[in-house]
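Novice: build the 3D model from these lines:
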Amino acid sequence: MGALQKVPLRIYHGTHGNETAANCSWVVNGTHYLEEWSDVRSIDGSVSIVQPLIAPLYGGKSAHELLNAFGAQPELSGYETVRGYWQSQIKGVDFESWWQKSVHDGFVANSAYAPLNLRVKMTSFAPPAQTAAGNTGGSVELIFRPDPCVYDGRFANNAWLQELHKPMTKVVWDNPLMVSPNTAARLDLEQQDVVEIRNAGQKVEAAVWIQPGHPDDSVTMFLGYGRQRAGRAGTGMGFNAYQIRQSTELNSVHGVKLNKTGRTYPLITTQGFQSMVGRHLVREATLEGFRKDPLFATRVEKEPDPAETLYPVYEYTGYAWGMAIDQNACVGCNACVIACQSENNVPVVGKMEVARGRHMHWLRVDTYYKGGLANPQVYFQPVPCMHCETAPCELVCPVAATVHGTEGLNEMIYNRCVGTRYCSNNCPYKVRRFNFLLFQDWNMPQYKMMRNPDVTVRSRGVMEKCTYCIQRIQHGRMDAEKKDQLIPDGSVQTACQQACPSDAIVFGNINDKNSRVVKLKENPRNYGLLADLNTRPRTTYLAVVTNPSPDLPEAEKSEHA
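Specialist: Got it, this is the predicted structure:
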């Protein structure tokens with residue numbers, strides 16, 4: 001901020017009163033990108049005309065309108081500015097027709113750049129500086145990385161992203177200093193110790209997180225935290241790595257000193273929540289082992305015969321919904337978790353409520369480690385509601401708030417729920433969430449507009465869980481009925497499926513033998529989680545098959561996990 005203070009006239013344009021705004025002479029209320037007209041170019045040069053979805057709620061001004069204020073036509077609106085520019089560029093055609101088509105289509109036809117044929121010129125590069133081998137002192141290499149949730153801090157005030165657990169540590173609402181087990185032992189560091197990090201005369205404090213698989217003699221700190229004017233959710237959370245980051249060393253710093261302060265700091269992680277310890281959860285084999293026994297995943301536990309049950313037998317003559325999750329494809333990014341939260345109006349509860357085990361995510365991604373602490377294998381397992389055919393939760397509800405639907409879904413009737421939590425106690429998968437407090441905000445108009453109107457907003461004292469996005473199924477059914485046809489395979493996607501970047505989640509009608517989900521369930525890798533309990537889950541998994549390098553130690557390439 002020192003350089004900024006030297007500028008005589010400082011004008012800030014934005015949507016939030018952040019640290020930069022506090023150090024400026026003037027603050028201009030900016031529009032949200034969904035409130036303004038603009039234009040953009042994609043990576044290939046294609047132009048898109050950006051049109052607003054809503055009028056500005058708080059009288060904000062777009063960047064175009066702000067710049068117009070300093071020009072010859074300060075009264076021009078954003079729409080007039082964007083349209084006027086393209087009117088000056090498009091010649092020889094009916095502009096009105098061109099404009100309507102471009103806005104309707106979302107892009108300007110034939111606006112991509114012409115491709116170029118480029119060759120890389122090979123030059124010599126100086127090798128990066130290396131830390132001394134066998135480091136026995138107190139110095140380490142510090143790595144800066146954008147946070148996997150709040151990125152560089154621009155999303156710090158997004159409570160959804162603050163409460164989203166990090167992919168490996170599963171820490172929420174914080175950015176600890178990640179240290180390898182060996183380096184922690186060398187420096188006499190323990191979990192949640194607060195250390196002072198010094199670099200080039202600058203210092204910052206951070207709490208230690210010992211992370212299996214992290215490189216030795218190196219520590220990692222995520223950017224984007226420690227903000228002082230981020231907003232209600234982001235202010236004061238975590239530690240500010242920017243305080244010791246230099247413009248000449250943006251990604252890493254060598255020779256950083258760590259000094260213990262003698263204090264500790266509470267780091268909240270969901271890693272031990274909803275534990276199913278002692279069960280065969282992740283099934284894994286090498287490629288060689290899979291070829292020897294393709295059905296290895298189903299041999300771990302004996303699944304009872306479907307007739308061995310006191311539950312009534314349901315016959316599904318129409319749709320029967322199910323899901324398959326390929327653990328070979330899952331990368332643990334948590335996109336499915338945040339998509340589910342957005343789609344289903346799932347509230348946030350705050351750091352201390354998460355510490356009490358009261359987080360509300362309908363879908364979690366469990367992280368499992370195998371092998372030594374220095375270089376373990378890591379497996380990810382998304383766990384939504386299993387929608388069991390013989391669901392243990394349904395029998396114990398005294399008010400029939402959780403019932404079996406005619407299409408195989410385990411459904412929740414929220415206005416019947418009286419909060420006994422018997423269903424949660426009886427669920428072996430621990431996928432139900434309870435509103436212990438009034439986590440939803442009913443007063444702020446922004447929150448009302450943010451919510452999905454197709455999904456009920458739950459109040460205090462109500463149990464809730466994954467519904468296979470039943471509102472999307474209903475929309476798909478209505479669209480199909482208008483065309484007098486069955487719901488086509490793939491036309492209904494759950495929010496988690498739609499958001500998954502690796503296509504690991506597939507949902508569909510298991511009565512349709514040609515559907516993609518049926519093909520996956522017929523795969524020899526397919527297995528049911530805790531299926532030995534005879535819950536007959538509709539959500540199943542495809543086991544992991546690895547192809548390890550022959551140079552790996554024998555301990556790291558066992559045939560079965």
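Novice: and stretch 240-251, what's buried?
Specialist: The neighbour-count criterion (16 or more other C-beta atoms under 10 Å) identifies 240-242, 244-245 as the buried residues of stretch 240-251. C-beta here means a position set from N, CA and C on the backbone, and glycine is covered the same way.
Novice: now, which of the residues you listed sits nearest residue 459?
Specialist: Within those, the smallest distance to residue 459 is 37.0 Å, found for residue 240 (C-beta to C-beta).
Novice: touching, that closest one and residue 222? I think so.
Specialist: No - counting by C-beta atoms under 8 Å, residue 222 is not a contact partner of residue 240; they are 11.0 Å apart.
Novice: about what we covered before: which one of the buried residues of stretch 240-251 is nearest to residue 495?
Specialist: Lowest distance from residue 495 to the buried residues of stretch 240-251 (C-beta to C-beta) belongs to residue 241, with 32.2 Å.
Novice: assign a three-state SS to the residue nearest to the closest one when sequence neighbours are not counted, would you?
Specialist: Computed as C-beta to C-beta, 6 or more residues apart in numbering, the closest residue to residue 241 that is not its neighbour in sequence is residue 221, at 4.5 Å. Following DSSP: H, G, I helix; E, B strand; the rest coil, residue 221 is assigned to strand.
Novice: that older thread, would JSON lines of the buried residues of stretch 240-251 with pLDDT be doable?
Specialist: Formatted as JSON lines, these follow (pLDDT from 0 to 100):
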{"residue": "240", "pLDDT": "93"}
{"residue": "241", "pLDDT": "92"}
{"residue": "242", "pLDDT": "91"}
{"residue": "244", "pLDDT": "89"}
{"residue": "245", "pLDDT": "88"}
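Novice: of those residues, just say which sits nearest to residue 431.
Specialist: For those, the minimum distance to residue 431 (C-beta to C-beta) is 34.9 Å, reached by residue 241.
Novice: could you list the low-pLDDT ranges of the stretch 401-550 of the chain?
Specialist: Residue ranges of the stretch 401-550 of the chain with pLDDT under 70: 445-446.
Novice: quick one: the strands in it?
Specialist: Ranges of strands in the stretch 401-550 of the chain, per DSSP state E, counting those that start in this stretch, are 402-404, 410-412, 433-434, 463-464, 505-509, 526-527, 539-542, 544-546.
Novice: run me through the strand neighbours of the longest one, direction for each.
Specialist: Taking DSSP bridges as the criterion, strand 505-509 sits next to strand 321-326 (antiparallel) in its sheet.
Novice: tell me the contacts of residue 106?
Specialist: 48-49 (C-beta atoms under 8 Å, 6 or more residues apart in numbering).
Novice: in stretch 490-509, what counts as buried?
Specialist: Neighbour counts over stretch 490-509 (16+ other C-beta under 10 Å) mark 492-497, 499-500, 504-509 as buried.
Novice: same question for stretch 219-226.
Specialist: Buried residues in stretch 219-226, counted by 16+ other C-beta under 10 Å: 219-226.
Novice: the residue nearest to residue 241 touches residue 195, doesn't it?
Specialist: No - between residue 221 and residue 195 there is no contact under C-beta under 8 Å: 10.8 Å.
Novice: what residues are shared contacts of these two?
Specialist: Common neighbours of residue 221 and residue 195, using C-beta under 8 Å, 6+ apart, are 177, 206.
Novice: returning to that earlier point: in JSON lines, list the buried residues of stretch 490-509 along with distance to residue 15.
Specialist: Output for those, formatted as JSON lines (distance: C-beta to C-beta, whole Å):
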{"residue": "492", "distance to residue 15": "35"}
{"residue": "493", "distance to residue 15": "31"}
{"residue": "494", "distance to residue 15": "31"}
{"residue": "495", "distance to residue 15": "26"}
{"residue": "496", "distance to residue 15": "29"}
{"residue": "497", "distance to residue 15": "31"}
{"residue": "499", "distance to residue 15": "25"}
{"residue": "500", "distance to residue 15": "30"}
{"residue": "504", "distance to residue 15": "34"}
{"residue": "505", "distance to residue 15": "33"}
{"residue": "506", "distance to residue 15": "38"}
{"residue": "507", "distance to residue 15": "36"}
{"residue": "508", "distance to residue 15": "40"}
{"residue": "509", "distance to residue 15": "43"}
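Novice: tell me which two of the residues you listed sit farthest apart.
Specialist: 499 and 509, at 20.9 Å, using C-beta to C-beta across the buried residues of stretch 490-509.
Novice: any common contacting residues for residue 240 and residue 222?
Specialist: The contact sets of residue 240 and residue 222 do not overlap (C-beta under 8 Å, 6+ apart).
Novice: the top strand by length along the chain - contacts with which helices or strands?
Specialist: Criterion DSSP state E: the longest strand present in the chain is strand 252-264. Contacts defined by 3 or more C-beta pairs under 8 Å, 6 or more residues apart in numbering; DSSP states H and E place strand 252-264 against strand 139-146, strand 193-199.
Novice: so which of these is nearest residue 410?
Specialist: strand 139-146 (38.2 Å).
Novice: listing partners with orientation, what would you give for the closest one?
Specialist: Next to strand 139-146 in the sheet, as set by DSSP bridges, lie strand 218-223 (parallel), strand 252-264 (antiparallel).
Novice: residue 424 is in contact with residue 435, correct?
Specialist: No - shown here, residue 435 and residue 424 do not form a contact pair, counting by C-beta under 8 Å, at 11.9 Å.
Novice: what touches both of those two?
Specialist: residue 463.
Novice: show me which of the two is the more surrounded one.
Specialist: Using other C-beta atoms under 10 Å as the criterion, residue 435 and residue 424 rank with residue 435 on top: 21 against 16.
Novice: how much space separates the more buried one from residue 396?
Specialist: 19 Å (C-beta to C-beta, to the nearest Å).
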